[in-house]
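Engineer: Here is my input; please provide its structure:
(chains A, B, C and D)
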Protein chains: 2
Amino acid sequence: MVSAGYDERVETRELRYFVAVAEELHFGRAAQRLAMAQPPLSRAIQQLERRLGVVLLHRTARAIALTEAGSVLLREARTALDAVEAAERRTRRAAGDQPGVVLAAKAGASRELLSKLLDAYAAEPGSVAVEVMLCGPGEPEILLRTGRADVALLHRPYDTTAGFDTEDLHTEQQVVVLPKGHPLANRAHLSLVEVNAQTDLPLPRWPGRDGGHPDGPGPQVRDHTQLFQLIALGLACAVVPESLRDQLRDDHAIVPVPDAPAVTTVIAWPPHSRSKAVADLVRTATRL
Amino acid sequence: MVSAGYDERVETRELRYFVAVAEELHFGRAAQRLAMAQPPLSRAIQQLERRLGVVLLHRTARAIALTEAGSVLLREARTALDAVEAAERRTRRAAGDQPGVVLAAKAGASRELLSKLLDAYAAEPGSVAVEVMLCGPGEPEILLRTGRADVALLHRPYDTTAGFDTEDLHTEQQVVVLPKGHPLANRAHLSLVEVNAQTDLPLPRWPGRDGGHPDGPGPQVRDHTQLFQLIALGLACAVVPESLRDQLRDDHAIVPVPDAPAVTTVIAWPPHSRSKAVADLVRTATRL
DNA sequence: CACGACCAATACCCGTGCGGTATCGCCGCC
DNA sequence: GGCGGCGATACCGCACGGGTATTGGTCGTG
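Structural biologist: Okay, the predicted model is just below:
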C-alpha cells in the first residue's frame, strides 16, 4: 500500500496557473493569458486543490470566487513566484561578465539625493558600474522583489518596505502643488482636510500594482511630469514631498501641508544580499 | 524557426534538486537524499544550467564545486523554496477549521515575557487559540520563513530579523554564566575578551541551520537546560541575556559583561500577514 | 417554457519529458 | 597498471501535461 499516492510538492507552474485564474476569476480568460487551452487549466487547479487538500475556488457554474484559503494562496503564491523569479534573475546576473549593480528609483523623486549618491559612490575605491532604472510609482519595490534590481530608493509611507532591509536617508515634509494664482495658493499652510475638501481640483489617480488605475474622479497619471503639467493646466492638484519643488515651473504654486505624513527616503535591498557593491552603496548613502 | 526552444521557467523541483546537490557537493549523495537515481539528477542540473544559461558547478570528475553564480542560486533558491513552502502551509492552515495562530519561540528564552504576552492576549476580546512552538536556537526564524509559524519571538543580534516586520519588545544586557566558585565568579564585571581569553571553560557550540555543529573546542549544545547543566559541571561557560537567570540553579554564578552586545527581544511576523490574530498579538505585545 | 449562450468539467488521445537501469570515460590512488 | 569512485551518456518505458471534442448545468431571453 503506497500511502497517499500524490506528490505533495507544489510546482511553480501550478502557482502561476492559480494566480492567473484567481486574478481573472474566469478559466477561459486565464487559459488565454497562459496561452493554453481551458481544460488542462481546470485539471491543473483541481490537482493543486487535491495536493493541498484544500478548496481554493467556489464554483457556481456561472462564475467562480476565491475561498478564504484561495485568497491566502493568491497572496502567498505571488510572493513565492517573485522569489523564484528573483532567484533566476540574480543567478543570471551573477554569471554575467560585468559586475554592475542595478539601482531602481521613482523617476523624478529624490533627484538631488540620487545624483549625490551616484557621485559619491563612483568616487569610492572599488566601485562598480551602477545602472539606474528610473520607473513609475510602486515599481521599484516590485523590481527589487523580483530580482530585476539590486537596490532601490523607496519613499515611506508611499512604498511599503516590508521584507527588505532599509536605511533611512532623508525625511521631509509634504506640500500641495497648485496652479499659480489658485485661491488657496497664498495661504501660509493648508491641512489635509482642506486639500481634500476643495473639489475644483481633483487629486490624480496613480496606477496600482496591476497597472490599472483605480476608479474615481481625477485624471489618470503615470509620472510627475504628467502630473505637474496637469496641475499647471488647472486640472488637478497633488500633495508631494517638498523636494520636488526643483522640478516645478513658475506656473505652479506650493503651500506646506504640515499635517500630511512626512516622507522618508530610504535605501532598500533584499535582506540576504551579499553583494559588496550593494553594501558599499548603502554605506555611501548613509554617509551623505 | 521556433526561437530558443527551451521553456524559460524554472520549476521548484529543479531548485530542490540544485539545493541538494549544492549542499552535498556530490551527485550520488544528493540523489540518495532525494530518493532518486543519480543520472536523472545530473540531467536535471544540466537542464537547469541550460535554462538559466549559466554554469552553476565546476566539475572535476573527482569533485564538484559551486561557481559564483551557483552560490548565488543556492542562497536565492533556499529563500524561494521557503516561500513556496510557506504558501503551501499557510494555505492549508487557512482552510483548517480552527483559526488558531502558531507562535514560535526559543525554549527557555524570554519565558516571563512570553507568559505575560499569552495572558494579556487571551484577555483581549476576539482572541483565538495560540499554539506555542518552543524550539531550539535559530529555529523560530526558519519556522516563520516556511509558514509553520505565524509569529515568533526573536532575539537580536542572535537571530536575523531580515525579511520580517518586527516590533522591539525588550532590551537587556548579557551576563556570563560560570560554575559556582569559579575564580572569576566574584568579579564585579568582565569584558568579552576576558571571557574568550580564559581557556579552562570553553564556550559551547550551538547547531547551525543545517543541524550540524561547527567544528572547534567546547561541548555541543542544543538547549539551555543542557547548557546550564554543563556549566554547573564545570565543563563550559556561556554569555547569555540576563533574564535567563531565572532558570539558573544555585550552583551557578553570573557576572555582567557590559561590552557584550545588548540583546533585544522582538516580535516578528511575515511582512504581508493579514491575520487579525497576528496583528492583535503584536499590539498586545507592544503594550506590555 | 423552451431554447440558446456561456462556462466549467469530463472523456479521450497524443507526445514530451522525467525517472529508471546499464554503461562509459575520466581521474586519483594503492 | 589496475582498481575504485564519480559524473556523464545512452537508451527505454511510462506517467503526466496539454490538446480537441463533448457534456452538463445554469443563467438570460423571446
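Engineer: Just read off the phi/psi values of A:Asp103.
Structural biologist: Asp isn't right for residue A:103; it's Leu. Phi and psi for A:Leu103, reported as degrees, to the nearest 10, are phi -110, psi 130.
Engineer: Equivalent analysis for the one 4 residues further on, please.
Structural biologist: The main-chain torsion angles of A:Ala107 are listed as degrees, to the nearest 10 and equal phi -60, psi 130.
Engineer: Contact partners for it?
Structural biologist: Residues near A:Ala107 by Cβ atoms under 8 Å, 6 or more residues apart in numbering or on different chains: A:Leu134, A:Cys135, A:Gly136, A:Asp223, A:His224. In short, each C-beta sits where N, CA and C put it, glycine included.
Engineer: hmm, 7 Å instead?
Structural biologist: For A:Ala107, the contact set (Cβ atoms under 7 Å, 6 or more residues apart in numbering or on different chains) comprises A:Leu134, A:Cys135, A:Asp223, A:His224.
Engineer: closest to B:Ala95 among the residues you listed?
Structural biologist: Distance to B:Ala95 across the contacts of A:Ala107 (Cβ to Cβ) is lowest for A:Cys135, with 37.2 Å.
Engineer: Would you map out the domains in chain A?
Structural biologist: Structural domains annotated on chain A: A:12-87, A:99-172+A:263-287, A:174-256, as defined by automatic domain parsing.
Engineer: Tell me the spacing between A:Leu56 and A:Ala31.
Structural biologist: Separation of A:Leu56 from A:Ala31 (Cβ to Cβ, to the nearest Å): 16 Å.
Engineer: and these two? which has more neighbours close in?
Structural biologist: Looking at A:Leu56 and A:Ala31 with other Cβ atoms under 10 Å in any protein chain shown, you find the greater number of neighbours at A:Leu56, namely 24 against 21.
Engineer: Grab the nearest non-local neighbour of that one.
Structural biologist: A:Gly70 (3.9 Å; Cβ to Cβ, 6 or more residues apart in numbering or on different chains).
Engineer: which element is the one you found on?
Structural biologist: Secondary structure assigned from DSSP states H and E places A:Gly70 in helix A:68-95.
Engineer: what are the phi and psi angles of the residue nearest the centre of chain A?
Structural biologist: By Cα atoms, centre = their mean, chain A has its centre lying nearest to A:Gly138, at 2.5 Å. Torsion angles at A:Gly138 (phi, psi; degrees, to the nearest 10) stand at phi 80, psi -20.
Engineer: measure it to DNA strand C for me?
Structural biologist: 29 Å (Cβ to the nearest atom of the strand, to the nearest Å).
Engineer: what about the strands in chain A?
Structural biologist: Secondary structure of chain A (DSSP state E): strands located at A:57-60, A:63-66, A:101-106, A:130-135, A:151-156, A:165-172, A:174-179, A:238-241, A:252-256, A:263-269.
Engineer: close to DNA strand C, is the second one?
Structural biologist: Meaning strand A:63-66. Yes: residues of strand A:63-66 contacting DNA strand C under Cβ under 7 Å from any atom of the strand: A:Ala63, A:Ile64.
Engineer: Now tell me what touches that strand from outside.
Structural biologist: For strand A:63-66, using Cβ under 7 Å, 6+ apart, the contacting residues are A:Ala22, A:Leu25, A:Leu57, A:His58, A:Leu74.
Engineer: Just the mean pLDDT for that strand, thanks.
Structural biologist: Per-region confidence: strand A:63-66 scores 86 on mean pLDDT.
Engineer: Check which residues of that strand are buried.
Structural biologist: Counting neighbours by 16 or more other Cβ atoms under 10 Å in any protein chain shown, one finds that the buried residues in strand A:63-66 are A:Ile64, A:Leu66.
Engineer: sorry, back to before: ok, and the most crowded of the contacts of A:Ala107?
Structural biologist: Highest neighbour count within those: A:His224, with 21 neighbours (other Cβ under 10 Å).
Engineer: For that residue, give me its contacts.
Structural biologist: In this structure, A:His224 makes contact with A:Ala107, A:Gly108, A:Leu244, A:Gln247, judged by Cβ under 7 Å, 6+ apart.
Engineer: quick one, the helix or strand bottoming out on mean pLDDT in chain A and strand A:174-179 angle?
Structural biologist: Sorted by mean pLDDT, DSSP states H and E, the helices and strands of chain A end with helix A:224-232, the least confident at a mean of 83. Using axes from the mean of the first three to the mean of the last three Cα atoms, to 10 degrees, the inter-axis angle of helix A:224-232 relative to strand A:174-179 is 60 degrees.
Engineer: So what's the gap between helix A:224-232 and the chain middle?
Structural biologist: A distance of 21 Å separates the C-alpha centroid of helix A:224-232 from that of its chain, computed with Cα atoms, centre = their mean, to the nearest Å.
Engineer: That helix to strand A:252-256, inter-axis angle?
Structural biologist: Comparing the axes of helix A:224-232 and strand A:252-256 via the same axes, to 10 degrees yields an angle of 100 degrees.
Engineer: Helix A:224-232 vs strand A:101-106, what angle?
Structural biologist: Relative orientation of helix A:224-232 with respect to strand A:101-106: 10 degrees, computed using the same axes, to 10 degrees.
Engineer: Please point out which parts of helix A:224-232 sit buried.
Structural biologist: In helix A:224-232, counting by 16+ other Cβ under 10 Å, buried: A:His224, A:Leu227, A:Phe228, A:Leu230, A:Ile231, A:Ala232.
Engineer: Could you check how far the first one is from A:Arg156?
Structural biologist: Spelled out, that is A:His224. To A:Arg156, A:His224 is 18 Å away according to Cβ to Cβ.
Engineer: What of A:His182?
Structural biologist: In this structure, A:His182 and A:Arg156 are separated by 29 Å, where distance is defined by Cβ to Cβ.
Engineer: So these two - more neighbours on which side?
Structural biologist: More crowded of A:His182 and A:Arg156, by other Cβ under 10 Å: A:His182, with 20 against 17.
Engineer: my read: the more buried one touches A:Ile254, true?
Structural biologist: No: A:His182 sits out of contact with A:Ile254 when judged by Cβ atoms under 7 Å, with a separation of 10.7 Å.
Engineer: ok, now how distant is the closest residue to A:Ala22 other than its chain neighbours from B:Val10?
Structural biologist: Leaving out its chain neighbours, the residue that sits closest to A:Ala22 by Cβ to Cβ, 6+ apart is A:Leu74, at 4.5 Å. Between A:Leu74 and B:Val10 the computed distance is 21 Å (Cβ to Cβ).
Engineer: Show me which of those two is the more surrounded one.
Structural biologist: Neighbour comparison, A:Leu74 and B:Val10: the larger count goes to B:Val10, with 22 against 19 (by other Cβ under 10 Å).
Engineer: Spell out which parts of the stretch 1-150 of chain A neighbour DNA strand C.
Structural biologist: Remark: the part of the stretch 1-150 of chain A in contact with DNA strand C comprises A:26-28, A:38-39, A:42-43, A:45-46, A:59, A:61-64, using Cβ under 7 Å from any atom of the strand.
Engineer: which among these end up buried?
Structural biologist: By 16+ other Cβ under 10 Å, those give A:Phe27, A:Ser42, A:Ile45, A:Ile64 as buried.
Engineer: for those, which one is nearest B:Asn196?
Structural biologist: Taking Cβ to Cβ as the measure, B:Asn196 lies nearest A:Ile45 of those, at 57.5 Å.
Engineer: What separation do you get for that closest one and A:Val278?
Structural biologist: Look at A:Ile45 and A:Val278: by Cβ to Cβ, they are 39 Å apart.
Engineer: Kindly report the same for A:Pro99.
Structural biologist: A:Pro99 sits at a distance of 11 Å from A:Val278 (criterion: Cβ to Cβ).
Engineer: ok, the nearest residue to A:His26 once chain neighbours are set aside to A:Ala80 distance?
Structural biologist: Distances taken as Cβ to Cβ, 6+ apart place A:Ile64 nearest to A:His26, at 7.2 Å, with adjacent residues excluded. According to Cβ to Cβ, A:Ile64 stands 22 Å off from A:Ala80.
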